[in-house]
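Chemist: Fold the following, please.
(one chain, ligands or ions: 1)
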Amino acid sequence: MKSSTQQAIEITKANESKIGQVDFENLTFGNIFTDHMFVCDFIDGKWQTPKITPYAPLTLDPSARVFHYGQAVFEGMKAYKDDNGDTFLFRPDENFKRINKSAARLAMPEFPENYFFDGLTELLKLDNEWIKPGFGNSLYIRPFVIATQAGVSASEANEYKFMIICSPAQAYYSGDVSVLVAEKFSRSANGGIGYAKAAGNYAAQFYPTNLAKKEGYQQVIWTDADTHEYMEEAGTMNVFFRVNDTLLTAPTSDRILDGITRKSLIDIAKKEGVSVDVRPVKVSEIVAAAKDGSLKEIFGAGTAAVISPVKAFGYQGNHYELEKQENSFASLFKTALMNIQYNKAEDPFNWRHKI
Ligand SMILES: *Cc1c(COP(=O)(O)O)cnc(C)c1O
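Modeler: Alright, predicted model coming up:
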C-alpha cells in the first residue's frame with residue numbers, strides 16, 4: 001500500500017478525551033465514537049488538505065446533494081489489538097479499493113491512496129487507547145463519502161466530503177438468526193448498484209426486512225431479481241451454505257457485494273481442505289437439502305459479526321429448522337479468521353497490516 005510521510009495532515013487534537021465516560025464492557029454496536037475524525041473535502045476538482053479534528057457534528061446546506069439524490073458510499077473495517085498492544089488492520093487495501101469502486105459507480109471522485117492510509121494511520125495513533133485488547137474487542141472503522149454541493153439540480157455533485165469515524169466494538173453476537181427467503185423484493189439488480197457499498201442499498205432493505213420481522217424472521221435472504229430462484233446475500237452479509245461437507249456460495253456479480261470476509265473464508269476453507277463450490281445456489285436445492293438432512297449449516301459473513309449462523313429459514317410459507325452442528329464450519333472458520341486478525345496465528349495469506 002502506498003503511504004507518504006510528506007503529505008501533511010492538519011491535526012487539531014481534542015482538548016479532552018471522552019474515553020473516561022465510556023463503559024467498554026457494555027457497548028452497543030456503532031453508538032459511541034472516538035475523540036477524533038478524519039475529514040477531507042473535494043472542491044474545485046481536487047481533494048484539499050486532509051484534516052483530523054475533534055469528533056463533532058457537521059454543518060451542511062439543506063440542499064446538499066446527498067440529502068436529495070443519495071450520493072453516499074461507505075466502508076466497514078476494523079482495527080484489532082493483540083496482547084502485546086500492537087494494532088492491526090485486516091486487508092485494508094481491499095477496503096480502499098472497494099470504496100473507490102463504489103464511488104466510481106455513483107459518479108463520485110476517486111480518493112487518493114496515500115490520503116486514505118496516512119489519515120487512517122494518524123487517526124488510529126491518536127485514538128489508540130480506544131482499541132481495547134482482548135479477543136472480540138475491536139475498533140469499527142467507518143470511512144464514507146457524501147456529496148456536499150448545495151443545490152437540488154439533479155446531477156452529480158462537484159463537492160464531496162470524505163470522512164473516517166471510529167467506534168469501539170465488542171464481539172458481536174446476536175444469537176443464531178432465522179431468515180426469510182425473498183420471493184418478491186430484491187436488494188439489487190443487473191446493471192444496478194448492488195456491488196457498491198452505497199447507502200441507498202441499505203435504505204431499500206429496511207422495509208422488506210421489517211415485513212420479514214413481522215413474520216418472526218430477523219433477516220432476509222435476497223434472491224436474484226429476475227427469477228427469485230437463486231440465493232444471493234443474507235441481510236447485509238454474504239451467505240454460505242454447507243451441504244454435507246461442501247461449502248456453497250454465490251459468485252460475486254453486479255448484484256452481489258465482493259465481501260472481504262467472504263473471500264477470506266473461501267481461502268481459509270480451501271486451506272483447511274474443505275471443498276468450496278462458488279456457483280449460483282438454487283433456492284430449490286437448498287430446500288431439498290433441508291428436507292433430506294444434507295443441509296448442515298447456513299451462515300452470513302461480514303466484517304461486523306464475522307460469521308452469523310442461521311438456525312432456520314422460511315420459504316413459500318414453510319419453515320425449515322437446521323440441526324445444531326458439533327464442530328460447525330461456522331465456528332471453525334470464525335476462530336481461524338479471528339486468530340489471524342488478532343495476531344494469534346500465522347498469517348499465511350499476508351492479510352494482517354500492522355499500524
Ligand atoms: C459490507 C457488505 C458485505 C460484507 O463485506 P465485508 O467486506 O466482508 O465486510 C456483504 N454484503 C453487503 C451487501 C455489504 O454491504
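
Chemist: Not counting sequence-adjacent ones, nearest residue to residue 310?
Modeler: Distances taken as CB to CB, 6 or more residues apart in numbering put residue 298 closest to residue 310, at 3.9 Å, once the chain neighbours are dropped. Where C-beta positions appear, they are placed from N, C-alpha and C, glycine not excepted.

Chemist: For the one helix or strand the one you found maps to, give me every contacting residue.
Modeler: Using DSSP states H and E, residue 298 falls within strand 295-302. Strand 295-302 is contacted by residues 76, 177, 179, 219, 234-245, 259, 261-262, 265, 286, 289, 307-310, 313, 320, 322-323, 325, 328-330 when judged by CB atoms under 8 Å, 6 or more residues apart in numbering.

Chemist: again, 6 Å this time
Modeler: If you take CB atoms under 6 Å, 6 or more residues apart in numbering as the criterion, strand 295-302 is touched by 234, 237-243, 259, 261-262, 265, 289, 307-310, 325, 328-330.

Chemist: now swap in stretch 179-195 and tell me
Modeler: Stretch 179-195 has contacts (CB under 6 Å, 6+ apart) with 105, 208, 212, 217, 219-223, 225, 228, 234, 254-255, 257, 283, 310, 313-315.

Chemist: How about that stretch and the ligand, touching?
Modeler: No: between stretch 179-195 and the ligand, judged by CB under 6 Å from any ligand atom, nothing touches; the nearest distance is 7.0 Å.

Chemist: Distance from the chain centre to that stretch, please.
Modeler: Distance of stretch 179-195 from the chain centroid (CA atoms, centre = their mean, to the nearest Å) equals 17 Å.

Chemist: Can you get me a residue count around residue 349?
Modeler: Neighbour count of residue 349, defined by other CB atoms under 10 Å: 12.

Chemist: Residue 181 now?
Modeler: 22.

Chemist: cool, residue 22 as well?
Modeler: Residue 22: 15 neighbours (other CB under 10 Å).

Chemist: what's the answer for the one 10 residues further on, then?
Modeler: Here the count is done by other CB under 10 Å, and residue 32 has 18 residues near it.

Chemist: Ok, residue 49 next?
Modeler: What residue 49 shows, counting by other CB under 10 Å, is a neighbour count of 11.

Chemist: What pLDDT does the model give it?
Modeler: Predicted confidence (pLDDT) for residue 49: 97.

Chemist: who does the helix or strand following the strand holding residue 298 touch, helix- and strand-wise?
Modeler: Per DSSP H and E, the first helix or strand lying C-terminal to strand 295-302 is strand 306-315. Judged by 3 or more CB pairs under 6 Å, 6 or more residues apart in numbering; DSSP states H and E, the packing partners of strand 306-315 are strand 177-181, strand 295-302, helix 329-341.

Chemist: so residue 162 sits right up against residue 42, yeah?
Modeler: No: here residue 162 does not reach residue 42: they are 7.1 Å apart, not a contact under CB atoms under 6 Å.

Chemist: Neighbour count for those two, which is higher?
Modeler: Neighbour count, other CB under 10 Å: between residue 162 and residue 42, residue 162 has more, with 25 against 22.

Chemist: Next up, the contacts around the more buried one.
Modeler: Remark: with contacts taken as CB under 6 Å, 6+ apart, residue 162 is in contact with 40, 111, 145.

Chemist: And the helices in the protein?
Modeler: Assigned by DSSP state H, the chain shows helices spanning 65-69, 92-105, 113-126, 199-214, 260-271, 283-292, 329-341.

Chemist: How many residues are close by the residue nearest to residue 310?
Modeler: For residue 298, the number of neighbouring residues by other CB under 10 Å comes to 27.

Chemist: next one: residue 252
Modeler: The number of residues packed near residue 252 is 16, by other CB under 10 Å.

Chemist: Pretty sure residue 258 is one of the things it touches, is it not?
Modeler: Yes: between residue 252 and residue 258 there is a contact under CB under 6 Å: 4.4 Å.

Chemist: what about the protein, any weak spots by pLDDT?
Modeler: For the chain, the stretches with pLDDT under 70 are 1-7.

Chemist: switch the cut-off to 50
Modeler: 1-5 (pLDDT under 50).

Chemist: Near the ligand, which residues of it are found?
Modeler: Checking the chain against the ligand by CB under 6 Å from any ligand atom, the hits are 76, 197, 233, 236-238, 257, 259-262, 302-303.

Chemist: Same list, those residues, but as CSV with distance to residue 18 and neighbour count please.
Modeler: As requested, the residues of the chain next to the ligand are arranged in CSV below (distance: CB to CB, whole Å; neighbours: other CB atoms under 10 Å):
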residue, distance to residue 18, neighbour count
76, 22, 17
197, 28, 25
233, 35, 28
236, 28, 20
237, 31, 22
238, 34, 24
257, 33, 24
259, 32, 23
260, 30, 23
261, 30, 22
262, 35, 22
302, 28, 22
303, 24, 21
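
Chemist: Using PDB, list the CA coordinates for stretch 104-120.
Modeler: Extracted in PDB, the C-alpha atoms of stretch 104-120 (Å, rounded to 0.1, in the frame of the first residue of the first chain):
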ATOM      1  CA  ALA A 104     -17.000   5.400  -9.300                       C
ATOM      2  CA  ARG A 105     -20.400   3.700  -9.700                       C
ATOM      3  CA  LEU A 106     -22.100   6.700  -8.000                       C
ATOM      4  CA  ALA A 107     -20.100   9.200 -10.200                       C
ATOM      5  CA  MET A 108     -18.000  10.300  -7.300                       C
ATOM      6  CA  PRO A 109     -14.300  11.200  -7.500                       C
ATOM      7  CA  GLU A 110     -11.600   8.700  -6.600                       C
ATOM      8  CA  PHE A 111      -9.900   9.200  -3.200                       C
ATOM      9  CA  PRO A 112      -6.100   9.100  -3.200                       C
ATOM     10  CA  GLU A 113      -4.400   6.100  -1.600                       C
ATOM     11  CA  ASN A 114      -1.900   8.000   0.500                       C
ATOM     12  CA  TYR A 115      -4.500  10.300   2.000                       C
ATOM     13  CA  PHE A 116      -6.500   7.200   3.000                       C
ATOM     14  CA  PHE A 117      -3.700   5.300   4.600                       C
ATOM     15  CA  ASP A 118      -1.900   8.300   6.100                       C
ATOM     16  CA  GLY A 119      -5.200   9.600   7.500                       C
ATOM     17  CA  LEU A 120      -6.300   6.300   8.900                       C
END
